[in-house]
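J.: No sequence on hand, only this structure:
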């Protein structure tokens, strides 16, 4: 497989070492999971127990445990005698996650409007400004962290913080797509969409807030065909694009 430089650039970044205070296997699982979801480890890439053990300076046992757990989460495929590979992104699963997330978050933001107050709006405005700075700095990885924090804040302000946790697993295919999209397209449009959501909350307009959220979460449907065309080897189930 040929790895596209715009995605594979993450390999040059330093690896955050594991903490000596906690159990190794859960930490390693989280590190590898985050690297797969961010597409630092790209779909189709082969990884090995020996390589990961050396990179993180651990024995192969916690690596093996992490690989098994990631395979259970459908992020890895362990092929006996052939190797371990990062699974491709299911287009169907990504579109399903987007559909469910839109329905949930459009309702969430309506509730946020009911609980809006000056302190909340001040914090949301601050998040939008941080997003603008990061977008101007062309740091897609950092922007995606801020994007996730923004949506988590809305769930918290809707007094439903657990929603983010419930959606997190479902969102994995969609998040992987969005991490690629963030490197291919300017985040400025997403920042403007977030700002439109906050402006509607500020005005106390629940209908406009829900509409702005739906527009925002439908952006991936516009980006996905181009992303798949650019990185076809990263995806599975291209026929699902016919349903967009």
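T.: Here it is on my side, so go on. For clarity, every value in this text was computed on a predicted model and none was experimentally measured. Residues are numbered from 1 along each chain as shown.
J.: so who does residue 162 touch?
T.: residue 155 (Cβ atoms under 8 Å, 6 or more residues apart in numbering). Yep, even glycine has a C-beta here, placed from its N, CA and C like the rest.
J.: Let me know the pLDDT of it.
T.: Looking at residue 162, its pLDDT is 93.
J.: I'd like to know how far it sits from residue 155.
T.: Going from residue 162 to residue 155 by Cβ to Cβ, to the nearest Å gives 8 Å.
J.: Please apply the same query to residue 117.
T.: 17 Å.
J.: These two: which is more packed in?
T.: residue 155 (22 against 8; other Cβ atoms under 10 Å).
J.: Tell me the spatial nearest neighbour of the spatially most central residue of the chain, not counting adjacent residues.
T.: Central residue of the chain (Cα atoms, centre = their mean): residue 175, 2.9 Å from the mean position. Spatial nearest neighbour of residue 175, chain neighbours left out: residue 37 (5.5 Å); criterion: Cβ to Cβ, 6 or more residues apart in numbering.
J.: same check, this time on residue 64
T.: Closest to residue 64 by Cβ to Cβ, 6+ apart is residue 49, at 5.9 Å.
J.: Could you list the buried residues of stretch 115-128?
T.: Neighbour counts over stretch 115-128 (16 or more other Cβ atoms under 10 Å) mark 116, 120, 124, 127-128 as buried.
J.: check contacts around the residue lying closest to residue 236 once chain neighbours are set aside.
T.: What sits nearest to residue 236 in space, not counting adjacent residues and going by Cβ to Cβ, 6+ apart, is residue 88, at 4.1 Å. Listed by Cβ under 8 Å, 6+ apart, the contact set of residue 88 reads 43-44, 233-236.
J.: Likewise for residue 176?
T.: Counting by Cβ under 8 Å, 6+ apart, residue 176 makes contact with 36-37, 39, 43, 89, 94.
J.: Would you show me how to pick out the buried ones of those in PyMOL?
T.: To isolate the buried ones among these in PyMOL, judged by 16+ other Cβ under 10 Å, type:
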select buried, resi 36+37+39+43+89+94
